[in-house]
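Asker: Okay, sequence plus prediction incoming.
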Amino acid sequence: IIHDLLLTNQLIQSVFLFDLGFITFVFAQALILSTRFSRVIVSTEAQSRRLELKVAERTRALKQARDAALRAARVKSEFLANMSHEIRTPLNSVIGMADLLGETRLSSEQNRYVRAFRNAAETLLSLINDILDLSRAESEEIQFASDVFALHELIEDTAEIAALDAGRKDLQLNQHIHAD
């Protein structure tokens with residue numbers, strides 16, 4: 001019986017020592033993992049702060065670039081509006097003078113030149129108005145309107161203007177519009 005008692009006591013001590021050793025091992029591993037996890041968290045937080053600073057810096061740069069682009073577009077639109085107004089005034093005078101010249105006695109060839117001259121000036125005025133409309137559209141100050149026009153007349157006027165330039169180059173420009 002004593003022998004059994006001694007064996008049981010040794011067994012209990014062995015189990016206790018084994019349990020104590022195992023618990024110590026597990027605790028040591030938990031401490032190591034906890035330390036490593038803390039380092040990972042600190043490293044991740046530092047990386048997160050660096051990334052947030054980069055994002056903030058790039059956001060500021062993008063905002064500055066956007067503001068500069070908006071300022072440039074506004075300056076361009078203002079320039080186009082001013083230039084188109086500056087050109088329109090003398091161009092309206094040219095059209096008025098062409099009208100006055102057309103009311104005088106002219107040969108048929110001279111009348112044709114005056115018509116072409118006036119049509120070219122009106123076309124140029126229309127282009128300038130389109131530029132002004134573009135600058136208004138860019139600054140969101142435009143309202144679109146539908147307008148009726150005579151396509152045949154527009155083609156004839158355009159061909160007449162181009163025919164003068166073609167004639168200077170010894171070319172003949174013809175246009176034909178079908179009735180339908």
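Answerer: That came through fine.
Asker: all helices in this protein, in order from the N-terminus.
Answerer: Secondary structure of the chain (DSSP state H): helices at 2-102, 108-138, 151-168.
Asker: Packing partners of the first one?
Answerer: The criterion is 3 or more C-beta pairs under 8 Å, 6 or more residues apart in numbering; DSSP states H and E, and the helices and strands that helix 2-102 contacts are helix 108-138. Bear in mind the C-beta positions are built from the backbone N, C-alpha and C, glycine included.
Asker: winner for burial among the helices of the chain?
Answerer: Greatest average neighbour count among the helices of the chain goes to helix 108-138 (a mean of 16), per mean count of other C-beta atoms under 10 Å.
Asker: That helix versus helix 151-168: what angle between them?
Answerer: Comparing the axes of helix 108-138 and helix 151-168 via axes from the mean of the first three to the mean of the last three C-alpha atoms, to 10 degrees yields an angle of 120 degrees.
Asker: on that earlier part again, select, out of the helices of the chain, the one closest to residue 145.
Answerer: When those are compared for distance to residue 145 using C-beta to C-beta, the nearest one is helix 108-138, at 10.3 Å.
Asker: Return the distance of the helix or strand bottoming out on mean pLDDT in the chain from the chain's centre.
Answerer: Here the helix or strand of the chain ranked lowest by mean pLDDT, DSSP states H and E is helix 151-168, holding a mean of 79. Relative to the centre of its chain, helix 151-168 is centred 37 Å away, using C-alpha atoms, centre = their mean, to the nearest Å.
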